[in-house]
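Peer 1: Here is a sequence together with a model predicted from it:
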Amino acid sequence: MLNKIKYDHYGIYEGISETIVTTSRGWTPNAAPMGIIRKKDKLFVRMFKGSTTYNNVLSEKTLVVNITLDPLVFVNSTFTDLEDSEFESVNVAGRNFVTLKKAQCWIAFDCTNTKLTSEALVTELEPVGTRMNKPLIRAPNRGLFGVIEACIHATRYQLTSEDKYLKLIKAYGDIVDKCGGDNEKEAMKLLYGYL
């Protein structure tokens with residue numbers, strides 16, 4: 001386990017930070033968008049039963065939090081499996097972890113104090129290794145946040161088929177059209193194609 005690290009340095013602030021979590025079982029990599037919950041200097045994650053990430057964390061008790069501002073990664077990892085070429089295996093403290101090659105930075109974690117309910121698990125995250133690939137300095141772009149919110153509502157729509165989520169996706173799509181760059185607009189086109 002690492003001594004105390006400065007999560008702000010890695011882009012994880014108080015509240016919920018949207019990340020791409022990577023896990024594996026052997027060499028079967030998986031990536032999924034996931035909110036990391038930070039309360040003071042403790043990190044937690046809540047994941048719903050039945051997902052590949054949930055099953056991998058139950059089995060391996062590890063995960064990697066990848067920080068990226070690439071809207072295409074958020075959409076693709078929400079609806080499909082990423083290509084193996086998008087992952088890399090890294091050795092951290094004598095153990096293999098799977099990360100995203102193009103992540104700006106990542107933190108590898110052990111999952112501890114896991115609590116299970118009938119619907120989800122909540123686990124505390126204890127850092128075991130980090131890497132900074134490129135600086136995180138960037139002004140917020142409402143288009144990126146619109147893509148992330150649309151992905152969240154798209155998963156809810158897939159679970160419930162409720163029209164209110166389609167309306168929310170459209171509202172966030174309008175924000176992306178107004179505020180996003182080419183990557184954000186391409187990501188929304190992909191998202192609409194999955195609905």
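Peer 2: Right, received. Where do you want to start?
Peer 1: Counting by contacts, list what the lengthiest helix in the chain packs against.
Peer 2: Determined from DSSP state H, the single longest helix within the chain is helix 142-160. Contacts defined by 3 or more Cβ pairs under 8 Å, 6 or more residues apart in numbering; DSSP states H and E place helix 142-160 against helix 71-79, helix 163-179, helix 182-194. C-beta coordinates here come from the backbone N, C-alpha and C atoms, glycine included.
Peer 1: winner for burial among the ones you listed?
Peer 2: Mean neighbours per residue, mean count of other Cβ atoms under 10 Å, is largest over the helices and strands packed on helix 142-160 for helix 71-79, with a mean of 22.
Peer 1: Between helix 163-179 and it, find me the angle.
Peer 2: Orientation of helix 71-79 against helix 163-179 (axes from the mean of the first three to the mean of the last three Cα atoms, to 10 degrees) gives an angle of 170 degrees.
Peer 1: got the angle between helix 71-79 and helix 182-194?
Peer 2: Using the same axes, to 10 degrees: helix 71-79 against helix 182-194 is 20 degrees.
Peer 1: Next secondary structure after helix 71-79?
Peer 2: Sequence order places strand 87-92 as the next helix or strand after helix 71-79, per DSSP states H and E.
Peer 1: buried ones in that following strand?
Peer 2: Of all the residues in strand 87-92, those buried under the rule 16 or more other Cβ atoms under 10 Å are F87, E88, V92.
Peer 1: will you turn the residues you listed into TSV that also has pLDDT and distance to H153?
Peer 2: Listed next are the buried residues of strand 87-92 as TSV, based on pLDDT from 0 to 100; distance: Cβ to Cβ, whole Å:
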residue	pLDDT	distance to H153
F87	97	27
E88	95	31
V92	94	34
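Peer 1: residue contacts, the closest residue to N30 other than its chain neighbours?
Peer 2: The spatially closest residue to N30, leaving aside those adjacent along the chain, is T52, at 4.6 Å (Cβ to Cβ, 6 or more residues apart in numbering). By Cβ atoms under 8 Å, 6 or more residues apart in numbering, T52 lies in contact with T23, N30, A32.
Peer 1: Any chance of the residues you listed in CSV with pLDDT and secondary structure as columns?
Peer 2: Shown next, in CSV, are those (pLDDT from 0 to 100; DSSP: H, G, I helix; E, B strand; the rest coil):
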residue, pLDDT, secondary structure
T23, 97, strand
N30, 96, strand
A32, 96, strand
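Peer 1: out of those residues, who's nearest A171?
Peer 2: A32 (23.9 Å; Cβ to Cβ).
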